[in-house]
Structures are given as C-alpha cells and as structure tokens.
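Colleague: heads up, no residue letters with this:
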C-alpha cells in the first residue's frame, strides 16, 4: 500500500470517527412490559407508567408502588464480504430500571424513576477488516426522572416528568489497516524493519476515545383517556436529550508495544505523510462531542376484551433525524462524520392473559425500522430492520408482591451496508444481527 494511499486512508478514517450508530436506544425498561412487546402508553402500570406514559401513574393502586429489575442483553453481529467473515464477541449488557410511585393526596401522585434509555456494548476482533471503523465500543446512559401525575376523573389523567440524563463512553478503533506498515519499510533504518515484518497481521495504529457526559435535561409528558371501562387511549412524548461530552480523553494505541518507538521515529521523518503525524499529535489531547438521544412519540390503544384478556397496540415514532452529522472537536482540528439518519416507526402489539389471581402470561410482537443510511453505514452497532417476539409472565406469591419475567428475541434483517465518501466506498459488506433479552423484575404495592 503506497504512502499516498495510506495518507488518504488515514485522513478518511479520522474524519469518519463515530461515537455510535443506530441501535443505541434501549427499549427494555420493564420485565413485565418486555414480555408484552414493551407496549405501555395506553396502560395503567403503576409506578412503571413514569416511563411509558406518566399519565398512567395517576391510576396507581394503593399508596406506594415500587418496581425494580434488570434486563440482560446477549447479542451477536456477523459480517461477511465474499468469503471473509467476522463476528462480535460482545459482553452481556445489563440495563437497569427502578420506579417508586407515591400517592400524595386524592388524585395526585408523585414518583421518581431511574432507567438506562440508551447504551451499547460491542466488541469486534482487533484486527478484523473493519477495525478502522470500530474495534470495540461501550456507551452507558442513565436517566433519573421525577414525575407528577394527576387524575381529573376516571376517564382522564395527565402526567409529566423531568428527565435528568448522564452517561459515559469509550471506543477503540484502528487508524491504519492490517498490513499498512509495509509501505513504510523504505523509510526506516534496518534495525526497525523487523518490527514491521513481524507485525504484518495486526492493526498497527489506533485511537482510544473516552469520557463522561455532562448532566443534560429533557421532559416526558403524557395523557391517558378512557372513553369506556374497557377501552383506553394513551399519548406520550419523551423529548430529545443532547448528551454533551466535554474534556474527553484521547490516547493513541499501537498494535504491539514495540511499535511505539517506530511511530516516534515516523514523527520526526520528513518523508512520512503529514496525516500520520497529525494522527500521532492527537495523543493526550481532549475532545468535545455531542450525541442525541432521540425523541419518542408513543400512541397506544388498549382493550380489555374479557375479564382475563387484555390486548394493546402501539405506534412509536422515533426522531432519529436529529442525528444528521457527528462532530468531534479537538483543540487542533474538528472531525465531522455524516450520518443522515431518518425518523423511524416502531410497531408493537402485545397481550396478557390472567390465568389466576397469582399467575398472568404475556406475549408481544415488534417490528422496528432502521434509521441508517445504507450508504453511510458503520459497524459500531449495525442498523437493520428488526423483527422480534416476546413472552413473559407474572407470579404473585403474596398480595403485595409480584415477580415479573420477560424474554425477547430480536432478529435483524441481513443488510448490505457501505460507507461511501467522495464517491469512494471505504468499507462495505453484509451484516446480520440477533439478540436475546431475558428480563427479571420485582414489584411491591402497599
């Protein structure tokens, strides 16, 4: 690979630095509702309504309603291009949720929740063909939401909450592809050439970005209307929250320890391209970046068909269009990566059947469309239209306590994605993703 091509490749990859892609929004904040397709905007879920539709909390039974739990996310992504194949080895993600609702006085309820509305953990092989886009990535976002809900009558209630979000981020990616050092052999003294020839199968130069976001704010509002005893209609809106990272840390990484003195030599060699020296100059620098958590508008309808059977359908409109361009600002340069995301719709249907006073079963079906532009495709969390099914149950060992379990299977359609810049395809191939989400929760009502 010639030095000029290396220089252009490295510059393109620096410009293409990406914090995240489609898939970082999490819809797994209730074990009970995950088993029912994660519907909830038209339901009366006690304290858990703070997330789905804060108006629903006004129909809470008792004076205190508590719910706590976690979901485990086990996912795998497979990349193929011709005969080449690579798979992720992702750790188990564990988004948490907790809700506490209280009756203040007649018809007025207050509460607070903590959830993980966004997050992702993805680990590709360090030396795979897409290492210059991502090697591994981790994002965690937490949202604390104090909420008020008021019931005007048995037919109408309103609710609103303040979202207080914060989180952390870390990513590693290569800056040069495997084998790129071969082009530098003529530029180094003989004693350094073995370093190159012994490391032709590793990604030679990389970058680590990490940091914590500032506390940012949003809101969640909703209305719940019950035209009849059996029918309810809910509408809720969660605003966009712009996560802002300031003073993030940048560290240059090397495919092997012996490469560090080699690149130190490159930094003083006048024949080494300026783009390589510019990349090395980022070591130890800070950066600022912003990442949107998109808005969500949910419209749902629920119908109590019989005393034992409840069914609900819901549309979720996600405002991904706000993720148009990602900018990462360093003291010495600004890098912009086009995203061109589109707003999307998620279609949900779920039902539950009360087998007895102590046992309830649930099912759900979800179709989630992708916002990703397939010509600006990145493997950070590969986008795809996703179909999922879920099931779950609730067991009540005593009147004041309920144990919830849900299980969701997500199947992403095989997607051919390319990252095209200035008419040149820098990376592409077929991506296929699957995920399993078991969720366990416990609720108390007094």
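Modeller: Here it is on my side, so go on. Fair warning: this is a prediction, and the values are worked out from it, not measured in the lab.

Colleague: ok, residue 277 - how many residues close by?
Modeller: 15 (other C-beta atoms under 10 Å). Every residue, glycine included, has its C-beta placed from N, CA and C.

Colleague: heads up, I number from 55, so please use that
Modeller: All set: I'll call the first residue 55, so the last point we hit is now residue 331.

Colleague: List the residues that contact it.
Modeller: Applying C-beta atoms under 8 Å, 6 or more residues apart in numbering, we find residue 331 in contact with 320-321.

Colleague: So it, which state does it fall into?
Modeller: helix (DSSP: H, G, I helix; E, B strand; the rest coil).

Colleague: Could you tell me the per-residue confidence at it?
Modeller: Looking at residue 331, its pLDDT is 86.

Colleague: next one: the lengthiest strand in the chain to chain centre, how far?
Modeller: The residue-count maximum for a strand in the chain (DSSP state E) belongs to strand 478-499. Distance, stretch centre to chain centre, for strand 478-499: 9 Å (C-alpha atoms, centre = their mean, to the nearest Å).

Colleague: ditto for stretch 110-127
Modeller: Chain-centre distance of stretch 110-127: 23 Å, with C-alpha atoms, centre = their mean.

Colleague: do the same with stretch 317-329
Modeller: Centroid separation for stretch 317-329 versus its chain: 38 Å, with C-alpha atoms, centre = their mean.

Colleague: Can you check the distance spanned by it, start to finish?
Modeller: End-to-end distance for stretch 317-329, by C-alpha to C-alpha, to the nearest Å: 13 Å.

Colleague: For it, buried residues please.
Modeller: 317, 319-320, 326-327, 329 (16 or more other C-beta atoms under 10 Å).

Colleague: do the same with stretch 401-409
Modeller: For stretch 401-409, a neighbour-count test (16+ other C-beta under 10 Å) marks 402-407 as buried.

Colleague: Pull the most distant pair out of these.
Modeller: Pairwise distances across these (C-beta to C-beta) peak at 17.6 Å, for the pair 402 and 407.

Colleague: Give me the spatial nearest neighbour of residue 448, chain neighbours excluded.
Modeller: Among residues not flanking residue 448 along the chain, residue 414 sits closest, at 4.5 Å (C-beta to C-beta, 6 or more residues apart in numbering).

Colleague: Checking my notes, the one you found in a helix, right?
Modeller: No: looking at residue 414 with three-state DSSP, it is strand, so not inside a helix.

Colleague: per-residue pLDDT, the closest residue to residue 85 other than its chain neighbours?
Modeller: Distances taken as C-beta to C-beta, 6+ apart place residue 495 nearest to residue 85, at 3.4 Å, with adjacent residues excluded. According to the prediction, residue 495 has pLDDT 98.

Colleague: surely residue 495 meets residue 121?
Modeller: Yes: in terms of C-beta atoms under 8 Å, residue 495 counts as a neighbour of residue 121; the distance is 6.1 Å.

Colleague: what is in contact with the two at once?
Modeller: In contact with both residue 495 and residue 121: 84, 151, using C-beta under 8 Å, 6+ apart.

Colleague: Give the bridge partners for residue 443, please.
Modeller: Residue 443 has these beta-bridge partners by DSSP bridges: residue 419, residue 463.

Colleague: hang on, isn't it packed against residue 462?
Modeller: Yes: contact criterion C-beta under 8 Å: residue 443 and residue 462 qualify, at 7.3 Å.

Colleague: after the helix or strand containing residue 203, next one along is what?
Modeller: Using DSSP states H and E, residue 203 maps to strand 190-205. Downstream of strand 190-205, the next assigned helix or strand under DSSP H and E is strand 210-228.

Colleague: List the contacts of the following helix or strand past that following strand.
Modeller: Elements were assigned by DSSP H and E; along the chain past strand 210-228, the next helix or strand is helix 244-251. For helix 244-251, contacts defined as C-beta under 8 Å, 6+ apart pick out 235-236, 238-239, 242, 310, 312-313, 315-316, 319.

Colleague: Could you do stretch 457-465 as well?
Modeller: 82, 84-90, 92, 123, 125, 129, 416, 418, 420, 440-451, 487-497.

Colleague: Name the strands paired with the strand holding residue 203 and say parallel or antiparallel.
Modeller: strand 162-177 (antiparallel), strand 210-228 (antiparallel).
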